[in-house]
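Engineer: Test case, fold it:
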Amino acid sequence: MPHPLSPDPRLVDLPLPSPNYSPELWALLKTREAAAAAEAFTAAELPAAAGLSALLVAHMPDKTGDASFRMEVGWGLRRVMEWLGYELARTDVQIAVPGIFSTGALYVLKPLKLRDRSVRLKRADRDQWAKDRMEALA
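Structural biologist: Predicted structure coming up:
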């Protein structure tokens, strides 16, 4: 029996994609180990799904041979990666790493949005905000 996996705190609030999605698979995709594997392969410019092969074989060996299960993994993995701040770069990328997937998707980190500094607050506005905030906390 494989060791228990720990949930990734960044993914705790990520809801189940649909009522028909496998809760067992969803729980596995939301673990630290799955997120770390997907992000590591993404950082190496490899499809994120390639990093999950060993984890899926260890925890769900009876399902990994099913093509619809592998598609479900890819569908859920896309939601996880988007939640973590990645965006889809390419699909149908050949995976040369041995595992259960032959193709996968590449992800890249979304560019950071810089804060809009076009609006300037006056000193009086900041002081009023601070005063209101202190009153609310009291």
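Engineer: Tell me where the longest strand sits in the protein.
Structural biologist: The residue-count maximum for a strand in the chain (DSSP state E) belongs to strand 86-94.
Engineer: Measure how buried Ala37 is and give me the count.
Structural biologist: As a burial measure, Ala37 scores 19 neighbours (other CB atoms under 10 Å). From N, CA and C alone the C-beta is placed, and that goes for glycine too.
Engineer: Convert the C-alpha atoms of the longest strand of the chain to CSV, please.
Structural biologist: Only the C-alpha atoms of strand 86-94 are listed here, as CSV (Å, rounded to 0.1, in the frame of the first residue of the first chain):
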residue,chain,number,x,y,z
TYR,A,86,-0.4,28.5,-15.1
GLU,A,87,-2.0,28.9,-18.5
LEU,A,88,-2.2,26.4,-21.3
ALA,A,89,0.6,26.9,-23.9
ARG,A,90,0.3,23.9,-26.2
THR,A,91,-1.7,20.7,-26.4
ASP,A,92,-1.0,17.3,-27.9
VAL,A,93,2.7,17.4,-27.1
GLN,A,94,4.4,14.0,-27.5
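Engineer: which secondary structure elements does that strand contact?
Structural biologist: Here strand 86-94 touches helix 67-83, strand 103-109, going by 3 or more CB pairs under 8 Å, 6 or more residues apart in numbering; DSSP states H and E.
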